[in-house]
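Undergrad: sequence? don't have it. structure:
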């Protein structure tokens, strides 16, 4: 379902907040104070994301459902392109945390597939193009991503 322009900037802000929360590491430190501080930062980021999510879902239909960005090169490429398109709105924030999330997923794919990682200075389209060059990167099979109100047996094709 295409995004209506009035919701595009709000959704971009929500997706950026979601990426910030997801990118914060879990508190794994020998230092108790550092662990508590990291947990507080992660909780604060989650609370900000959750506030935006509730407000967005109350205002726009269909509501936002978090989408897994990776798993296969084709899925990551498709996610990068959809996310790049989302952030084209002039009122959208800079996708700083979204780009970090895409880079993190690309690094996981590179490690799993035993190939070189994408450049740290890459943008979302560059990461998508990098994925296209990987085995399974231009997979045209159906990607099972459910939209709100869609049953599990009716997958959406990738765009």
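TA: That came in fine, so what should we check first? Values in this document were obtained by computation on a predicted structure and should not be read as measured data. Numbering: from 1, shown residues only.

Undergrad: in the protein, which helix has the most residues?
TA: Longest helix in the chain by number of residues (criterion: DSSP state H): helix 32-59.

Undergrad: same for the helix or strand that that one is followed by, what does it pack against?
TA: Going down the chain from helix 32-59, the next helix or strand is helix 73-86, by DSSP states H and E. Where contact means 3 or more Cβ pairs under 8 Å, 6 or more residues apart in numbering; DSSP states H and E, helix 73-86 is packed against helix 5-23, helix 96-113, helix 124-132. In this view, the C-beta of every residue, glycine as well, is placed from N, C-alpha and C.

Undergrad: What residues sit buried inside helix 73-86?
TA: Neighbour-count burial for helix 73-86 flags 73-84, 86 (criterion: 16 or more other Cβ atoms under 10 Å).

Undergrad: where are the low-confidence patches of this protein?
TA: Along the chain, segments meeting pLDDT under 70 span 1-5, 27, 69, 137-159.

Undergrad: 50 instead?
TA: Applying pLDDT under 50 to the chain flags the ranges 1-2, 140-159.

Undergrad: Please dump the helices and strands packed on helix 73-86 into a markdown table; it should also carry mean neighbour count and distance to residue 46 for every row.
TA: Compiled in a markdown table, the helices and strands packed on helix 73-86 are given as follows (neighbours: other Cβ atoms under 10 Å; distance: least, Cβ to Cβ, whole Å):
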| stretch | mean neighbour count | distance to residue 46 |
| --- | --- | --- |
| helix 5-23 | 19 | 5 |
| helix 96-113 | 18 | 13 |
| helix 124-132 | 20 | 24 |
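
Undergrad: which one of those lies closest to residue 68?
TA: Residue 68 sits nearest to helix 96-113 of all those, at 9.1 Å, using Cβ to Cβ.

Undergrad: who's in contact with that closest one?
TA: 15-17, 19-20, 22-23, 69-70, 72-73, 76, 79-80, 83, 87, 116-118, 120, 122-124, 127, 130-131, 134-135 (Cβ atoms under 8 Å, 6 or more residues apart in numbering).
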